[in-house]
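> Any chance you could fold what I've pasted below:
(one chain, ligands or ions: 1)
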Amino acid sequence: IGPGVIPTGLRIVPHGELTAEEKAKRLAAYAAVDAHVKEHHKVLGIGSGSTVPYVVERLCQEPHCKANSDRWFVPTGFQSKELIVKAGLNLGDVDQFPTIDVTIDGADEVDDELNAIKGGGACQLREKVLAEAATHFIIVADSRKDSKVLGTNWKQGVPIEVAPFAWAKVFVNLQKMGCEKPTLRMGKMKAGPVVTDNGNFVIDAVFSESYMRDPAELLHRIKMLTGVLEVGLFTGMAEAAYFGAPDGTVTCR
Ligand code: 5RP
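Below is the predicted model of the structure:
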């Protein structure tokens, strides 16, 4: 590494032999890119999470994706920005490209109707902006994320991005709303709260199944709380979801 090059330690994909789980993620990512990214798509949204590096890997295998081409890539956060830069692709932003052809993103859980919980990586605000800006929003994940009702596999709760000065008020609002267990997300060393790419905090809110069965209504109620900037419930947004399984199959819904 030479002067002026900042080592972040992020790799595009893991080195060496992939585990069955990683292979499953790669299968889902490759299938989604092959099915939904067309040569005439000039602006792509790149999401966050452990499956997305394989999306970038697949895109790099297409000659017309590389830098100096007329295709641009818009990231949902720090991780995806690094992926784009390290792959040598054209980096764009939503203010340059408020309309995106295809956004491909990971998820924490996806239900039967393609509603999703997102924000395990605290990127839900930018992720939702890029999902909404996209003509086609596609989810990629491994099969553990595929469920009938949100909250069945993802027990951490709904990630809610809040303005730092309002977090305690929103916390109380959520309790009064019926949230079983709101938690202010803390950093790994527990020295302070996780701070998002936008400088905000995240509350993870666990709701019982009766709430989770109607994610659109729950989203609406949480979003009405002043101080809430975005909710990691993505309802009615995804056009398709690809789930890779360790047995080498991919399910598309
Ligand atoms: C980040 C996200 C991610 O897409 C989601 O957390 C899935 O990540 P992983 O594939 O690493 O489990 O929503 O905010």
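
> contacts, neighbours, all on C-alpha from now
Fine.

> hang on, residue 137 is in a strand, isn't it?
Yes. Using DSSP: H, G, I helix; E, B strand; the rest coil, the assignment for residue 137 is a strand.

> show me what contacts it?
Listed by Cα atoms under 8 Å, 6 or more residues apart in numbering, the contact partners of residue 137 are 102, 103, 104, 105, 131, 237, 238, 239, 240.

> quick one: secondary structure of the first one?
In this case it means residue 102. Going by three-state DSSP: residue 102 is strand.

> any idea how far residue 172 is from it?
Computed with Cα to Cα, to the nearest Å, the distance linking residue 102 and residue 172 is 38 Å.

> Contacts only, for the residue of the stretch 151-253 of the chain found nearest the ligand.
Here the residue of the stretch 151-253 of the chain nearest the ligand is residue 232; by Cα to the nearest ligand atom that distance is 7.6 Å. Counting by Cα under 8 Å, 6+ apart, residue 232 touches 116, 117, 118, 119, 124, 125, 158, 159, 160.

> for the third one, what are its contacts?
The neighbourhood of residue 118, defined by Cα under 8 Å, 6+ apart, consists of 106, 107, 108, 109, 124, 158, 159, 232, 233, 234.

> try the fifth one
Counting by Cα under 8 Å, 6+ apart, residue 124 touches 118, 159, 160, 161, 230, 231, 232.

> pLDDT wise, what is the fourth one at?
If you check residue 161, the pLDDT there is 98.

> Which of the helices or strands spans it?
Assigned by DSSP states H and E, residue 161 falls within strand 158-162.

> Who are the packing partners of that strand?
helix 124-133, strand 201-206, strand 228-231 (3 or more Cα pairs under 8 Å, 6 or more residues apart in numbering; DSSP states H and E).

> ok, now with 7 Å
strand 201-206, strand 228-231 (3 or more Cα pairs under 7 Å, 6 or more residues apart in numbering; DSSP states H and E).

> Buried residues, the very next helix or strand once past that strand. List them.
Sequence order places helix 167-177 as the next helix or strand after strand 158-162, per DSSP H and E. Within helix 167-177, the residues scored as buried using 16 or more other Cα atoms under 10 Å are 167, 170, 171, 173, 174.

> returning to what we had before: pick the one among the contacts of residue 232 closest to residue 46.
residue 124 (13.0 Å; Cα to Cα).

> Please determine how far the closest one is located from the ligand.
The spacing between residue 124 and the ligand, counted by Cα to the nearest ligand atom, to the nearest Å, is 5 Å.

> can you pull the contacts of residue 109?
For residue 109, the contact set (Cα atoms under 7 Å, 6 or more residues apart in numbering) comprises 116, 117, 145, 146, 147, 150, 154.
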